[in-house]
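J.: Sequence first, predicted coordinates after that:
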Amino acid sequence: MKPTKKPKKIMDHDATVFQAKIEDKKLRKTYIGTSLEENRQDIQELLKDSDDVVYRELEIGGVSMTLLYIENMINQDLLNDQILEPLMREKRFLEDVPITTSMLIEKVLPAVGINKNNNFHELLIALLSGKSLLLIDTIPEALIIESRGAVERGVEEPSTEQILRGSRESFVENIKNNIALIRKRIYNPSLSVEYFLAGKKTETDIAIVYLKDMAQPKVVEEIRKKLKNINEEKIITSSHVEQIIEEHKWSIFPQMLATERPDKVVGSILEGRIAIITNGTPFVLLVPVTIGMFFNAFDDYSERVIITSALRIMRYISYLIATTLPALYMALTAYHPGMLPTSLVLYITGTRVGLPFPFLAEILFMEFTLEALLEASVRLPKPVGQTIGIVGGLVIGQAVVQAGLVSPIVVIIVALTAITSFTLPNYTFSLSNRILRIYFIVASAIWGLYGIVVFWLILLIHLASIESFGIRYLSDFSPYRLDKLKDTLIKAPTDLINETPPTLETNGENNEVN
């Protein structure tokens, strides 16, 4: 029998992981040998504490074989019908011919998804991911059988993004199913899918999906480089990937957009963006992003132009209110009362008669109470959380006013701040408001309106310094271009919007149009 060809060198990341396991004295060989007994013992030694690994001994055509799989992770009917039954049926035929892995795949086993491999590390990963292995005596190769059948969540409606008009499908935890949800919407041969492994202990599958003729090569190459250089022990969710590969790790603003809507991902891919899909999580990351993407809801493209434009302008105004209103109230009442009408100043002064706390303590107390209610409503079971959010807000607001701890106008301002913060379509981006509000309140307590203006300047400088894979965070608005406003602050008719946003065009040194 001719010796098998030496396989190509495995990927650098796999080599790193493999070397780490050798140093850990758990994996002592690179390729499987010709002895079935030694190969089985090597696997048993590594998985000796895993009682759910099944070793099924077979004798086919006078050759010993071992079928390995992890129970409860395979489709037993598929394994019986597509693997075991054909082997038993062709038992006599196999007695008269030399058995090779290629012959078994081509003439005996009709199942789709069978490959041969002799890399010990890759065989283990296949086994632990739910596939089955067929080891054959005297043959230094094994068959990897696609037999996964673990219980998975079906495609459902997104739970974190409301849908008014659009697809009701959402991503699931299986990376291949998620890629299929994208492929069934884009029938284009230039749609590329590249796989990576990350996490020394978890060996998590990560895929990047993009259109070769639309995505910027520099961005794709940078993502490849960062994914290959992940050296973390565990990668469980897409948020782990996001925090590792993002550039500005100490910023409170998200530099990737996470979504569980396939139609939203498809729309972004068609614009030239790249989707990063992580196995085990239904949230897909989109890069590069700009700040305008966090103010736009995907349902905007289903509504009339004037209505959508008005809603987008309202979201920007709501963001300013949610960020600045409490600080502005305190600055005007404590430092600049002359800028308010006399009647309003007298009313505010009257509501504060007998209150034991200053402006800053009042607002911080109500802000803390509001944030605690919001966090409780998110963490509690859904029916209980809704009750806590509504009843808690009404009861506490009324109680603190009657107890003479907070003035009624402060309750109104904090409630208005909360309502306007809910208009933002992206939950992760809205979280930045919680921190920014406190900064603005403290700045206004120290310097009044000057503190608000100075902090806005600092905030704008910070936003201008952020880049998402070479695309500036504020590139929707700076440098100014009229065609950038077609799908940012307002929405132009669909036939007037370019397929590729100006911020993603490849002209210029920084991937910007000059």
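T.: Everything's here; your move.

J.: So, low pLDDT: which residues of the protein?
T.: Where the chain drops to pLDDT under 70, the residues are 1-29, 150-151, 382-391, 393-394, 483, 498-500, 502-503, 505-514.

J.: From the recorded domain assignment, give the ranges for it.
T.: With automatic domain parsing as the criterion, the domains of the chain are listed as 12-145, 175-287, 303-472.

J.: Same list, those, but as a markdown table with mean neighbour count and distance to N296 please.
T.: C-beta coordinates here come from the backbone N, C-alpha and C atoms, glycine included. Putting these into a markdown table (neighbours: other Cβ atoms under 10 Å; distance: least, Cβ to Cβ, whole Å) gives the following:
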| stretch | mean neighbour count | distance to N296 |
| --- | --- | --- |
| domain 12-145 | 16 | 35 |
| domain 175-287 | 18 | 10 |
| domain 303-472 | 16 | 7 |
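
J.: For T494, find the nearest of the ones you listed.
T.: Shortest distance between T494 and the domains of the chain, using Cβ to Cβ, is found for domain 303-472: 8.5 Å.

J.: tell me the SS of E57?
T.: Three states are possible here, and by DSSP: H, G, I helix; E, B strand; the rest coil the one that applies to E57 is strand.

J.: In three-state terms, label the closest residue to it other than its chain neighbours for me.
T.: In space, not counting the residues next to it along the chain, E57 is nearest to T66; the distance is 5.9 Å by Cβ to Cβ, 6 or more residues apart in numbering. When the structure is reduced to helix, strand and coil (three-state DSSP), T66 reads as strand.

J.: check contacts around T66.
T.: Taking Cβ atoms under 8 Å, 6 or more residues apart in numbering as the contact definition, T66 lies against L36, R40, Y55, R56, E57, L58, L134, L135.

J.: between those residues, which is closest to N80?
T.: The shortest separation between N80 and any of the contacts of T66 is 11.1 Å, and it belongs to R56 (by Cβ to Cβ).

J.: All the helices of the stretch 351-500 of the chain, in order from the start?
T.: Per DSSP state H, counting those that start in this stretch, the stretch 351-500 of the chain has helices spanning 359-379, 382-402, 408-421, 427-447, 449-465. These are given in chain order.

J.: any idea which element R312 lies in?
T.: R312 is located in helix 305-334, with elements delineated by DSSP states H and E.

J.: can you state the direction angle for that helix and helix 449-465?
T.: Here helix 305-334 runs at 140 degrees with respect to helix 449-465, directions being taken by axes from the mean of the first three to the mean of the last three Cα atoms, to 10 degrees.

J.: Report all helices and strands that helix 305-334 contacts.
T.: Counting contacts by 3 or more Cβ pairs under 8 Å, 6 or more residues apart in numbering; DSSP states H and E, the secondary-structure elements packed against helix 305-334 are helix 359-379, helix 408-421, helix 427-447, helix 449-465.

J.: Recalculate using a threshold of 10 Å.
T.: Packed against helix 305-334, as judged by 3 or more Cβ pairs under 10 Å, 6 or more residues apart in numbering; DSSP states H and E, are the following elements: helix 342-351, helix 359-379, helix 408-421, helix 427-447, helix 449-465.

J.: That helix to helix 408-421, inter-axis angle?
T.: Between helix 305-334 and helix 408-421, the angle formed by their directions is 150 degrees, by the same axes, to 10 degrees.

J.: ok, now which ones touch the residue with the largest distance to the centre of the chain?
T.: Among the residues of the chain, the one whose C-alpha is farthest from the average of all C-alpha positions is D96, by Cα atoms, centre = their mean at 53.7 Å. Taking Cβ atoms under 10 Å, 6 or more residues apart in numbering as the criterion, D96 is in contact with G61.

J.: List just the one of the domains of the chain that sits closest to E152.
T.: Shortest separation from E152 across the domains of the chain is recorded for domain 175-287, at 7.5 Å, computed as Cβ to Cβ.

J.: S377 contacts A418, correct?
T.: No. Under the criterion of Cβ atoms under 10 Å, S377 lies out of contact with A418, with a separation of 11.3 Å.
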